[in-house]
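Student: Return a 3D structure for these sequence lines:
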Amino acid sequence: QLQLVESGGGLVQPGGSLRLSCTASVNLDVYAIGWFRQAPGKEREGVSCISSRGGATNYPVSVKGRFTISRDNAKNTVYLQMNSLKPEDTAVYYCNVDVVVSTHIYTYWGQGTQVTVSS
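Tutor: Below you'll find the model as predicted:
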């Protein structure tokens, strides 16, 4: 059973940094991994994704230049380094993977980790 576990969230002041981790229970080195976030009353939005070997990354304008995604396939872990945090970055952060088996796509989410940016 594939499980994703996020960690590293917490309370940080504006301008501060956090590093989130997403650890998988199985080897996911053939899959792209994404980070998403959901603030209260808002839809879940993507904040980053990384290709299977880490050679390609993508960010929306809202976090580009401040967030960096990376992965260590030997540890089955994907990281999200978040710098220059703003109050609007406050949300629950989730990691995600879509696993393709034959003609089916199975979507997995972690339980989420809360990030609160406040003075």
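Student: mind checking the backbone torsions on L85?
Tutor: Main-chain dihedrals, L85, degrees, to the nearest 10: phi -70, psi 150.
Student: which one is it nearest to, not counting chain neighbours?
Tutor: V117 (4.5 Å; CB to CB, 6 or more residues apart in numbering). For glycine as for every other residue, the C-beta is placed from the backbone atoms N, C-alpha and C.
Student: Tell me how many other residues crowd the one you found.
Tutor: 20 (other CB atoms under 10 Å).
Student: what does N58 give?
Tutor: What N58 shows, counting by other CB under 10 Å, is a neighbour count of 14.
Student: Residue nearest the middle of the protein, spatially speaking?
Tutor: W35 (2.6 Å; CA atoms, centre = their mean).
Student: Skip the chain neighbours and tell me the closest residue to N58.
Tutor: N58 sits nearest to C49 (CB to CB, 6+ apart), 5.1 Å away.
Student: Could you do V99 as well?
Tutor: Closest to V99 by CB to CB, 6+ apart is Y106, at 4.7 Å.
Student: Just checking: what are the partner strands of the helix or strand containing that neighbour?
Tutor: Applying DSSP states H and E as the criterion places Y106 in strand 104-109. According to DSSP bridges, strand 104-109 has the following sheet partners: strand 91-101 (antiparallel).
Student: quick one, helices of this structure?
Tutor: Read by DSSP state H, the chain holds no helices at all.
Student: wait, doesn't G10 sit right on T116?
Tutor: Yes: counting by CB atoms under 8 Å, G10 touches T116, with 7.3 Å between them.
Student: What's the local residue count around V30?
Tutor: 10.
Student: Also N27?
Tutor: Count around N27 with other CB under 10 Å applied: 11.
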